[in-house]
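Asks: Need the 3D shape of this:
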Amino acid sequence: MEYSLPEADPDSRQPARGNNLEDLRRQNLSAILGLVHANGSLSRADITRATGLNRSTVATIVSELERMDLVVVSEPRDTKRVGRPSTVVGPSERFIAIAVNPDQDAIAIGIVAMGGQVLREFRFPVERIPSARETINTLSAVLQGLHGDLSAQRTVVGIGVAVPGLVGARDGIVRVAPHLAWRDEPIVELMAASTGYPTWAANDATCGVVAEGQFGIAAGEDNVVYLNGGAGGIGGGAILGGQLLSGESGFSGELGHTLVNSNGALCHCGAIGCLETEVSRSALLAAVGLEPQDASRLEERLRAGYRIDRSLTEVVDSQMQYLAVALRNFVNIFNPGLIVLGGFLADLFTVAGERLEYEVASSSLPGPATEVRIVGSTLENNLLIGAAELVLQTVLRDPTSAAEIGRTLEPREAHVAAVR
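Replies: Numbering: from 1, shown residues only. Prediction:
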């Protein structure tokens, strides 16, 4: 998976080689589209240096991608450099993914184009935890409402669902999503049948780490642990050695169920003292006097009250203590170069980050402790962007398939696919 523009390696700057010219063409189309997708606007000179292809080949491939409406070519903005300026290649907004993220308090839906561009976002607060059917009905209503606006302008590749739970990599069945009370829900099959679009699904935090690795603060990092704090709990994902950690069935990354307090509270999963039980958004909201619908103001309230309001300070310090226990384990087990905190965990980090860094550094093994940085996520909508990546990978692997797999917002026959 390409996370950032690689530096050219003189020993590996060779064109892709396939079994025949058609294979070579597809591979080069995929390589260049992948670079543009991951990095946004690039000059043709940048693409030439990154791929090792000659300029005429790059020009030909870029022209073909432009004809496919997968990239947009524009004149360079900086014309002060010596020599002939290189044209700029950016991702097109033509091909889109519909991203869905159901949670305890809301159903989020996004329209995401190449390059991680969130063109539109919708958030539907819910009075009760949404069922799989209610999630699908909400999405169907949005698609119907968007038909007139987008049918002539966009081509829908498919739907990606970021689920706060265990999602089977082979069948797209949600084995369990404790906070949604979903068990053995065939969300991929149901959503594809109801909307008519190819559908993919994965754990929400797995989607988050993919987005962070492609477009966020972890771009270019080979060893990343990501933790997302949401309404329902804490999820996690990891990239190790440049590869997404998925496990035998796609269930890896349930870092929120790490034991941090042997005398703690009972978790939804049935265990005692899980990270997501001891570190929770609901406790923080209560401590700052906010209702769940006002969670966007959490960071503001934490900044205003931490170290001033004694009861709030006790809650924050307690949560940071347990978070430090979990991160110590992740540092010792995974040896990451970067730990990214998202959701309400990023809010916590903004007010008590130094304490967390000290606790993790002083309690982890000396080797990995000196190599890790802890940061808060700065990428908005990372779960939706990651869900869209499940869909857009189809086009990225084989750009020539865009014409065949693209769908307008008028649903056609159902097709089922799970994340691979």
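Asks: which stretches of the stretch 151-300 of the chain form strands?
Replies: For the stretch 151-300 of the chain, strands defined by DSSP state E, counting those that start in this stretch occupy the ranges 155-163, 166-167, 174-177, 182-185, 199-203, 224-229, 234-240, 243-244.
Asks: Columns distance to Glu254 and mean pLDDT on top of the ones you listed, output as a markdown table?
Replies: In short, each C-beta sits where N, CA and C put it, glycine included. Converted to a markdown table, those look like this (distance: least, CB to CB, whole Å; pLDDT from 0 to 100):
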| stretch | distance to Glu254 | mean pLDDT |
| --- | --- | --- |
| strand 155-163 | 12 | 94 |
| strand 166-167 | 7 | 94 |
| strand 174-177 | 10 | 94 |
| strand 182-185 | 15 | 96 |
| strand 199-203 | 8 | 95 |
| strand 224-229 | 11 | 96 |
| strand 234-240 | 7 | 95 |
| strand 243-244 | 15 | 94 |
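Asks: which one of those strands lies closest to Asp309?
Replies: Closest approach to Asp309 among the strands of the stretch 151-300 of the chain (CB to CB): strand 224-229, 20.7 Å.
Asks: That closest one: partners in the sheet, and parallel or antiparallel?
Replies: Paired with strand 224-229 in the same sheet, following DSSP bridges, are strand 234-240 (antiparallel), strand 338-343 (parallel).
Asks: what's the angle from that strand to strand 155-163?
Replies: Counting by axes from the mean of the first three to the mean of the last three CA atoms, to 10 degrees, strand 224-229 lies at 80 degrees to strand 155-163.
Asks: from what I can see Gly213 touches Ala219, true?
Replies: Yes - counting by CB atoms under 8 Å, Gly213 touches Ala219, with 6.6 Å between them.
Asks: who's more crowded, those two?
Replies: Set Gly213 next to Ala219 and count neighbours by other CB atoms under 10 Å: Gly213 wins out with 29 against 18.
Asks: Tell me how far the more buried one lies from Val225.
Replies: As for Gly213, its distance to Val225 is 11 Å (criterion: CB to CB, to the nearest Å).
Asks: next one: Phe334
Replies: Phe334 is 6 Å from Val225, by CB to CB.
Asks: picking that back up, make a markdown table out of the strands paired with strand 224-229 and add mean neighbour count and distance to Cys274.
Replies: Listed next are these as a markdown table, based on neighbours: other CB atoms under 10 Å; distance: least, CB to CB, whole Å:
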| stretch | mean neighbour count | distance to Cys274 |
| --- | --- | --- |
| strand 234-240 | 25 | 8 |
| strand 338-343 | 26 | 16 |
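Asks: Now render these as JSON lines, adding distance to Glu299.
Replies: Formatted as JSON lines, the strands paired with strand 224-229 follow (distance: least, CB to CB, whole Å):
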{"stretch": "strand 234-240", "distance to Glu299": "17"}
{"stretch": "strand 338-343", "distance to Glu299": "11"}
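Asks: Now Gln104: phi and psi?
Replies: phi -60, psi -40 (degrees, to the nearest 10).
Asks: Identify the residues contacting it.
Replies: Val126, Ile129, His179, Leu180, Gly230, Ala231, Gly232 (CB atoms under 8 Å, 6 or more residues apart in numbering).
Asks: so what sits against both of Phe334 and Val225?
Replies: With contacts taken as CB under 8 Å, 6+ apart, the residues that reach both Phe334 and Val225 are Ala238.
Asks: before we move on, back to that, closest one to Val391 among the strands of the stretch 151-300 of the chain?
Replies: The nearest among these, by CB to CB, is strand 155-163 at 4.2 Å.
Asks: Now do that closest one against strand 199-203, angle only.
Replies: 30 degrees.
Asks: buried residues in strand 155-163?
Replies: Burial within strand 155-163, assessed by neighbour count using 16 or more other CB atoms under 10 Å, is assigned to Thr155, Val156, Val157, Gly158, Ile159, Gly160, Val161, Ala162, Val163.
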